[in-house]
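Visitor: Compute the structure for the input listed below.
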Amino acid sequence: MLSGRLGERGVRINGVQSKVMRFPKVLCASCNNARSQPFDQAYNHFVQRVWDDPEFFRTRSEFEMYEIFPADSDSSKKLARYYVKNIGCRIAELGFEVPQSVIDFMDGCEFIVAGWMVLYKDFTNYDQFRRAGQSGHYPYANRGYAPVNPAEGPLEGFCAEIPDGPVGVYFCWQATEPLGPIFCAQSRTFLRDRAELPNPELHEDEWNRAAIMKNVQDAQGVPAFP
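Guide: This is a model prediction of the structure:
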């Protein structure tokens, strides 16, 4: 099931190739496959580590990326570019022109002019799902943008979060803002707490879902997840 916001009816899907799980054709075959394949592989490897060892991230505020990718010194950049590729597709599917600085970053630039991106952790939902006997891992993505319609003018601001279970990425681009931090540009990788980051409205449904699950499981006497 592909769930929407709290209270919305879910949409049944038949697999990862289902139309509702895929972007429209906003990338050419070469860019989506050959050129960005290293980005996809880095993301898959990173998410597998989150899946296999979520406790590695729970108490950390920073870590060395070589602990995740011991054989690839450029892995952090590849991972960051996967996220930016995903975010660029989200911008394009809305009908906006993708900012040139976003494209430049995917082409090798070290920074995103007017943009920033950090990794974060949030175990609120993970712990409640685990308490219920489930895996605790679930992928989803939220976004906010202005203007609300491309017919009103070019993109002025875009923010998004893309978590996979208890670890995710927060991205923000604003046309009038200066350069911000990119997690792959630092010698150590910092892991922020989601509650510390801007745009809490992107995450409110997840916090609300965790609170509801906690209240129900407390009432049922389900033991807390250790």
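Visitor: helices and strands around the lengthiest helix in the chain, which ones?
Guide: Ranked by residue count and defined by DSSP state H, the top helix of the chain is helix 75-93. For helix 75-93, the elements it packs on are helix 37-52, helix 100-106, strand 115-121, strand 157-164, strand 167-174, judged by 3 or more Cβ pairs under 8 Å, 6 or more residues apart in numbering; DSSP states H and E. (Glycine included, C-beta is placed from N, CA and C.)
Visitor: Ok, which of the ones you listed comes nearest A224?
Guide: Of all those, strand 115-121 sits nearest to A224, with 18.6 Å by Cβ to Cβ.
Visitor: Now the element after the closest one, going C-ward?
Guide: Helices and strands here follow DSSP states H and E; after strand 115-121, the next one along the chain is helix 124-131.
Visitor: Quickly note the distance from W116 to V169.
Guide: Taking Cβ to Cβ, to the nearest Å as the measure, W116 and V169 are separated by 11 Å.
Visitor: Show me which of these two is the more surrounded one.
Guide: Remark: of W116 and V169, V169 carries more neighbours, 24 against 19, as counted by other Cβ atoms under 10 Å.
Visitor: Name whatever forms a beta bridge with that one.
Guide: L119, I162 (DSSP bridges).
Visitor: Contact partners for it?
Guide: By Cβ atoms under 8 Å, 6 or more residues apart in numbering, the contact set of V169 is Y83, M117, V118, L119, Y120, E161, I162, P163, F183.
Visitor: Could I get the phi/psi values of E204?
Guide: phi -60, psi -40 (degrees, to the nearest 10).
Visitor: That one: neighbour count?
Guide: E204: 13 neighbours (other Cβ under 10 Å).
Visitor: Show the pLDDT at it.
Guide: You'll see E204 listed with a pLDDT of 94.
Visitor: Which helix or strand in this structure has the lowest average pLDDT?
Guide: None of the helices or strands of the chain scores lower by mean pLDDT, DSSP states H and E than helix 29-30, at a mean of 53.
Visitor: Low-confidence ranges, this structure, go.
Guide: 1-34 (pLDDT under 70).
Visitor: before we move on, back to that, how about the helices and strands packed on helix 75-93 in CSV, adding distance to D72?
Guide: Listed next are those as CSV, based on distance: least, Cβ to Cβ, whole Å:
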stretch, distance to D72
helix 37-52, 8
helix 100-106, 18
strand 115-121, 17
strand 157-164, 19
strand 167-174, 19
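Visitor: Give me the residue at the spatial middle of this protein.
Guide: The residue lying closest to the centre of the chain (Cα atoms, centre = their mean) is I162, at 1.6 Å.
Visitor: I'd like to know how far that residue sits from S187.
Guide: Counting by Cβ to Cβ - I162 and S187 are separated by 24 Å.
Visitor: got it, and S73?
Guide: 12 Å.
Visitor: Just to check, R143 is in contact with A160?
Guide: Yes. Judged on Cβ atoms under 8 Å, R143 makes contact with A160 at a distance of 4.2 Å.
Visitor: can you list residues touching both of these two?
Guide: R90, L202.
Visitor: Compare those two and say which one has the larger neighbour count.
Guide: Neighbour tally, R143 and A160, criterion other Cβ under 10 Å: the higher count belongs to A160, 23 against 16.
Visitor: show me what contacts that one?
Guide: By Cβ under 8 Å, 6+ apart, the neighbours of A160 are I87, R90, A141, N142, R143, G144, Y170, F171, L202.
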